[in-house]
Each structure stands twice: as C-alpha cells, then as structure tokens.
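Novice: show me the folded form of this:
(one chain, ligands or ions: 1)
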Amino acid sequence: TTNQSWGGRFSEPTDAFVARFTASVDFDRRLYHHDIRGSIAHATMLERVGVLTSDEREAIVQGLGEVEREIEAEQFPWSVELEDVHMNIEARLTEKIGITGKKLHTGRSRNDQIATDIRLYLRDEIDIVAAELARLREGLIELATREADTIMPGFTHLQSAQPVTFGHHLLAWQEMLTRDHERLLDCRKRVNVMPLGAAALAGTTYPIDRHVTADLLGFERPAENSLDAVSDRDFAIEFGAFASVLLMHLSRMSEELVLWTSAQFDFIDLPDRFCTGSSIMPQKKNPDVPELVRGKTGRVYGHLMGLLTLMKSQPLAYNKDNQEDKEPLFDTLDTVQGCLKAFADMVPAIEAKTDNMFEAARKGFSTATDLADYLVRAGVAFRDAHEIVGQAVALGLREQKDLSEMSLDELRQFSDAIQADVFEVLTLEGSVAARNHIGGTAPDQVRAAAQRARDALATL
Ligand code: ARG
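Specialist: Sure, this is the predicted structure:
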C-alpha cells in the first residue's frame, strides 16, 4: 500500500529505508503538547468561520484530549511509518473519532503546523530558561551582598593588578547575565509571531481568521507573509546565538571557579555535593560541575553554526532541510537549562575563603596604582609618579617586601612628596574604599549596585 497521508499519486510504497531516513517522529514527538494545542486552536477557528460544525469541533477537541492523555501515559502507538508527530497524532485522532478527524487538516499544511509548533514550544521553554536565569542572577546578587567587604586580588592578564572586592567580581558576572537575559526576552518577541494560516506556502482558500488563532495561542500577531512564515528559522538561530553568548559567559565563570578551587589559588570552597572524587587519587575533590559547563559550551556553539548553515542559501519557501532544525534546538535547550540549573543551585553555596583572598591581594604590589595616584595628588605628574612607583616596586622585588611593609624613609628615597599619610592608601581596605563611584569596587558601591540589580530583577 502507498502512504495513507499522501499516497494518492504514488504507485509504489516508500522504500523502507527512505521511510526511516526521512522520519522525524523519534525527535519531534517532543512537540506533541504544542501540536495538539495548535490543532485545537485551528479547529476552533475553523468552527468560528463556519468551515467546521460545532459538533465536529467538539469531537476533534475531545479526541485530541484523549490522544494527549495516551501520550502522557506512554500508551501512544508511535509509528515511524507515519513519519512525524503531526501525522501520528492525526492518524490516531481519526482512529478514535472517524471521518471528522480527517477534517482537522482543512486549510492547514504541515509546513505552517510545524513552524507554529516549534514557536509555541520554544516560547514555553524560553520562559523556563528566563526563570532559571533570574534565579541565578538572584543568587549572585545575594552572594555579592554578603561578600561586599571581602577583598581579593583583581587581575589583568591573570596577573595581580589592583585589589577588588569579591562582591564586585560577582556583580560583574551578574551584569553579563543581565545582558543575556535582555537578549533572551528580545528573542522571545520574534519567536512569538504566528505562522499558522500560511498553509503550505501561499495561504489558503478557506475564509480563515488568523487573529482568532493568534489570540487563542497567545501569539502577538499572525506572521505577515506566508512564504516567509513557513520557511525561516531565524528565530531558532537567534535563540542559538543567545545560548552561545550565555554559555560563553558561564564558561568564563566556570574557568574562574575551577582556578579558585585549586590548591594554588584556594579562594573558595564548593560544597562536596557539587564535586566528585578520583578513583585513583584519594585526596582529590574535582570541580566537575563548572568544568562540565565549560565543556558544554562547545556543543551549543556547534548547534548555532549548524543552524546557520542549515538555513544558508535555502530558496523560498519550505524545504525538508528544515526538519534538521529540531535536534540542535532541542539539545541547545536541554544544555542551557541544565547548565543554568547547575549554576543557580551552586552559586549560593560558594564559600569564600576570605583570609586566603586577602593574603593573595597583598602580594603582587596591587596597591602600586594607589601610590602613583597619591603622588599625583601631591603635585607629581602621572608619568613621573609611574616611574617613581616602578622604582619602589623594584626595591620591593629585590627585598621581597610589599609597598606597605616599607618604612617611610625607604619610600621617601624615591620621592620626598611621600608623607606619613601614605600608609592609608597603601592598605587594601583603603585602596578599594577609594574607588567610590558608580561602577567602582568600593564596598558601599557594591551594596548600592546590588540593590539596583535586585530592583531591576524585581521589575522585570
Ligand atoms: N517533519 C517536518 C519538519 O520537521 C514537518 C513538515 C513537513 N512538511 C512536508 N511537506 N514534508 O519540518
């Protein structure tokens, strides 16, 4: 027999391998709920415009409800011969309610159906991602508040640069995630446009009302152009781009967490429940969670490149190529949700080893810029001040002492502009407290920035 969905013009059945090769049901069955939701809206609209009777609509809605319950009870007879989620559900509906089931597809094509399903599905998943992002941001803001006074070395080139507060460092992460959050919500606006009604590519001859279906499905509006509506997957690419930037950020945080948990840095402790041991080295406690997040960045970048390449040079309108959008999109979603959950659970449990951070900040002449700024305030030109402090650092390196450990006389051999009050700026506390402006590392600024971030998150 030929295929029951489109076999009319065929004289032989599909080759068995080709049927398996072209089928998508193994992965697109994940869309069943949104497919059914779309079908109910479509049938409801068809009734309103007089294409279906209310009894027919009633039977379809009833039947689709049964189908959904079967799927959820894992009693649904998924069939690869029926190719995809749409035809599996429609065939089962027809088995249940008879000929009326065959009317559901009036004025619709799988092309606008699948484009609608993915958008509905992605919209719900975006809301889950956004909630996890908010939870992670909240955790960072609270930890930053707790650690507003904790001093650590700030780095450039991974060399000690200037002391900063740990809270300030955490709020830097929070800022990165704020932009990701904004990108996500912006992407959602373009996801939330309805392809349904585009039918195969040109629209349909039935008197459909696309505003009715758009309202029923919570879409912002019907897509403007039927050819574009069934063919483009730029919204999935956009989500992939959001996800790639997010994972890039998470990988940077991961890298720092991995460094900080090493014996060489020893800045933080991650609770045992986020770490694993070694089967050979009994002493080991490995930061597997951040390492794995760092590693998963690769697959998310890969999916973005896959989706971009999938769409490259495709002629209008729908092409079967687009079936390849699902696996990368689904895996991106799974990966992003997993990584965000791991981070949101882990961040509040980070324990700062404040003494170690402080000791590390004392090394590496991290207050050298403070001494230069002090000299400038005493009337020395900045370039000269830079040279003077450089000489003081050279002495410190020779004699293995920090600037704050030198005597006033030792310091004054480089410049007589140096007075006894210099030691106030050479302390780490003085150094961070002096950077007291919006965006600076002073503890008071960190507390204020945390409060602004908390407010911004609350009004989202
Ligand atoms: N499985 C297809 C996809 O994922 C659904 C649309 C198929 N349409 C078609 N005319 N073959 O894109």
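
Novice: what's the mean pLDDT across the helix or strand where Ala448 lies?
Specialist: Ala448 is part of helix 443-458 when elements are defined by DSSP states H and E. Mean per-residue pLDDT for helix 443-458: 97.

Novice: any idea how far Arg398 lies from Asp416?
Specialist: Separation of Arg398 from Asp416 (C-beta to C-beta, to the nearest Å): 22 Å. (Each C-beta comes from the backbone N, C-alpha and C, glycine too.)

Novice: actually Leu158, not the one I typed
Specialist: 36 Å.

Novice: do the same with Asp355
Specialist: 36 Å.

Novice: try Leu428
Specialist: Distance from Leu428 to Asp416, by C-beta to C-beta: 26 Å.

Novice: and these two? Which one has more around it.
Specialist: Ranked by neighbour count (other C-beta atoms under 10 Å), Leu428 and Asp416 place Leu428 first, with 21 against 9.

Novice: need the contact list for Glu147.
Specialist: Residues near Glu147 by C-beta atoms under 8 Å, 6 or more residues apart in numbering: Thr165, Phe166, Gly167, Leu170, Ala352, Thr354.

Novice: looking at neighbours, which among these is most surrounded?
Specialist: Among the contacts of Glu147, Thr165 has the most neighbours (other C-beta under 10 Å), with 29 neighbours.

Novice: ok, now which residue in the protein is the farthest from the centroid?
Specialist: Largest separation from the mean C-alpha position in the chain: Asp409, at 55.2 Å (C-alpha atoms, centre = their mean).

Novice: please identify the helix or strand for it.
Specialist: With DSSP H and E as criterion, Asp409 is part of helix 408-412.

Novice: that helix: how far from the chain's middle?
Specialist: For helix 408-412, the separation from the chain centroid amounts to 53 Å (computed by C-alpha atoms, centre = their mean, to the nearest Å).

Novice: quick one: list the elements packing against whichever helix or strand comes after it.
Specialist: Downstream of helix 408-412, the next assigned helix or strand under DSSP H and E is helix 422-426. Here helix 422-426 touches helix 368-377, going by 3 or more C-beta pairs under 8 Å, 6 or more residues apart in numbering; DSSP states H and E.

Novice: return the set of buried residues in the helix it packs on.
Specialist: Ala368, Thr369, Asp370, Leu371, Ala372, Asp373, Tyr374, Leu375, Val376 (16 or more other C-beta atoms under 10 Å).

Novice: tell me the contacts of the second one?
Specialist: This means Thr369. By C-beta under 8 Å, 6+ apart, the residues touching Thr369 are Gln162, Val389.

Novice: how does it look with 7 Å?
Specialist: Gln162 (C-beta atoms under 7 Å, 6 or more residues apart in numbering).

Novice: just give me the neighbour total for the nearest residue to Val129 once chain neighbours are set aside.
Specialist: Closest residue to Val129 apart from its sequence neighbours, by C-beta to C-beta, 6 or more residues apart in numbering: Val336 at 5.8 Å. Residues lying near Val336 (other C-beta under 10 Å) number 27.

Novice: quick one: residues contacting Val336.
Specialist: Val129, Ala243, Leu246.

Novice: of those residues, which is the most crowded?
Specialist: Result: Ala243 is most packed of the contacts of Val336 (other C-beta under 10 Å), 26 neighbours.

Novice: contact partners for that residue?
Specialist: Counting by C-beta under 7 Å, 6+ apart, Ala243 makes contact with Val300, Thr332, Val336.

Novice: so it sits in a strand?
Specialist: No: under DSSP: H, G, I helix; E, B strand; the rest coil, Ala243 sits outside any strand and is assigned helix.

Novice: how near is it to the ligand?
Specialist: Noted for Ala243: a distance of 20 Å to the ligand, by C-beta to the nearest ligand atom, to the nearest Å.

Novice: repeat for Ile99
Specialist: 23 Å.

Novice: could you report the neighbour count for that residue?
Specialist: The burial count for Ile99: 9, using other C-beta under 10 Å.

Novice: equivalent analysis for Ala458, please.
Specialist: Residues near Ala458, counting by other C-beta under 10 Å, number 9.

Novice: how near is it to the ligand?
Specialist: The value you get for Ala458 to the ligand, if C-beta to the nearest ligand atom is used, is 40 Å.

Novice: please name the residues that touch that residue.
Specialist: Ala458 neighbours (C-beta under 7 Å, 6+ apart): none.

Novice: name the helices or strands packed onto the longest helix seen in the chain?
Specialist: Ranked by residue count, the top helix of the chain under DSSP state H comes out as helix 110-146. Judged by 3 or more C-beta pairs under 7 Å, 6 or more residues apart in numbering; DSSP states H and E, the packing partners of helix 110-146 are helix 32-48, helix 85-97, helix 166-191, helix 226-231, helix 234-261, helix 326-346, helix 443-458.

Novice: list the buried residues for that helix?
Specialist: In helix 110-146, counting by 16+ other C-beta under 10 Å, buried: 110-123, 125-126, 129-130, 132-141, 143-146.

Novice: got it, and stretch 315-322?
Specialist: Ala317, Tyr318, Asn322.

Novice: same thing with stretch 276-295?
Specialist: Pro287, Asp288, Val289, Pro290, Glu291, Val293, Arg294.

Novice: out of the residues you listed, who's nearest the ligand?
Specialist: Ranked by distance to the ligand (C-beta to the nearest ligand atom), the buried residues of stretch 276-295 are led by Val293 at 29.8 Å.

Novice: average pLDDT for the host helix or strand of that closest one?
Specialist: For Val293, the host element (DSSP H and E) is helix 288-311. For helix 288-311, mean pLDDT rounds to 98.

Novice: identify the residues contacting that helix?
Specialist: Against helix 288-311 from outside (C-beta under 7 Å, 6+ apart): 233, 236-237, 240-241, 243-244, 247-248, 250-251, 254-255, 257-258, 274-276, 321, 324-325, 328, 331-332, 335, 339, 342-343, 346.

Novice: can you select the buried ones from the residues you listed in PyMOL?
Specialist: Here is the PyMOL command that selects the buried residues among those (16+ other C-beta under 10 Å):
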select buried, resi 233+236+237+240+241+243+244+247+250+251+254+257+258+274+275+324+325+328+331+332+335+339+342+343+346
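
Novice: got the end-to-end distance for stretch 159-171?
Specialist: 21 Å (C-alpha to C-alpha, to the nearest Å).

Novice: what's in contact with that stretch?
Specialist: 140, 143-145, 147-155, 352, 357, 361, 363-364, 366-367, 369, 428, 431-432, 441, 443, 446, 449-450, 453.

Novice: for the record, mean pLDDT for that stretch?
Specialist: So the average pLDDT for stretch 159-171 ends up being 96.
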